[in-house]
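Trainee: using only what follows, build the 3D model:
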Amino acid sequence: MTFAGGTAGEPDVGGLEVGGLELRMMDLADVGTVPIGHQGDADEVRARIEDLGSSAVLAFDGGRHVAQLQFRRYEAGRRSPSGLDEPLYWVDFDGHAPPLPERTIAVFCYHVGQTDDSDARDPQYWGRGLGVQLLDVLVGWAVGQGCAIVAKGVPAARPVMTFLGGQPAPVYESRGFTTTAAWVDTELRAVVERDHLAPPGDRAVLDDHARVACCVRWPG
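Mentor: From the prediction side, this is the model:
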């Protein structure tokens, strides 16, 4: 089953100009021309686009790729085999996700400032609201497909947001999502403490800097 209203790989949302950048859905023609690290290999990405109609929202500055927001089909109960070090972390809700419709996509990571297939980022694209703009395009596309969206809301503290590459629950809530659960991610908490991503404080401070959420935008 494909989510796309027409031919698989040809999403029905065209380019959108935002702040001088072009934002649009990824299609089959983009495989081999834009970064796909963290999405999988080329065959895996093509299969995902054929299934869903797309696999990411892309941003371009004068034809140069500068950001993307990745997503995949939601699989209930899916666990990350390597915790934080695996893209499947974004669909691992540790048993906290509610029952969701079959037609549900899961938001994965935000790559703002990505100009090549590496972990390097161009900071000139930070702090411009580009991540939220990518989310807005994804929400508009998902509404058109009639599917639900589930996302992992990350702690709002900037160092933790930057480390994970996500958005906090209030951002999702401002886009029509409902927070259905929140919990302390014990692996993330250990990283926050180890890497000093939180100011010195008691256990409650560390917990707040490692609290993640399940955010759902229901169809309709």
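Trainee: helices and strands of this protein: which one has the lowest mean pLDDT?
Mentor: Lowest by mean pLDDT, DSSP states H and E among the helices and strands of the chain is strand 16-18, with a mean of 73.
Trainee: that one: which residues count as buried?
Mentor: 16, 18 (16 or more other Cβ atoms under 10 Å). Any C-beta I mention is one placed from the backbone N, CA and C, and that applies to glycine too.
Trainee: would you mind identifying the next helix or strand past the top helix by length along the chain?
Mentor: Longest helix of the chain, by residue count under DSSP state H: helix 130-145. Scanning forward in sequence from helix 130-145 by DSSP states H and E, the next helix or strand is strand 148-153.
Trainee: helices and strands around the least confident helix or strand of the chain, which ones?
Mentor: strand 21-25 (3 or more Cβ pairs under 8 Å, 6 or more residues apart in numbering; DSSP states H and E).
Trainee: export the strand it packs on to PDB, keeping only CA atoms.
Mentor: Only the C-alpha atoms of strand 21-25 are listed here, as PDB (Å, rounded to 0.1, in the frame of the first residue of the first chain):
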ATOM      1  CA  LEU A  21      14.800  28.500   0.500                       C
ATOM      2  CA  GLU A  22      12.900  25.900  -1.500                       C
ATOM      3  CA  LEU A  23      11.200  23.200   0.600                       C
ATOM      4  CA  ARG A  24       9.700  20.100  -1.000                       C
ATOM      5  CA  MET A  25       9.100  16.400  -0.600                       C
END
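Trainee: I'd like to know which elements it is packed against.
Mentor: strand 16-18, strand 56-61, helix 130-145.
Trainee: describe which strands it pairs with in its sheet and in which direction.
Mentor: Within its sheet, strand 21-25 is paired with strand 16-18 (antiparallel), strand 56-61 (antiparallel), according to DSSP bridges.
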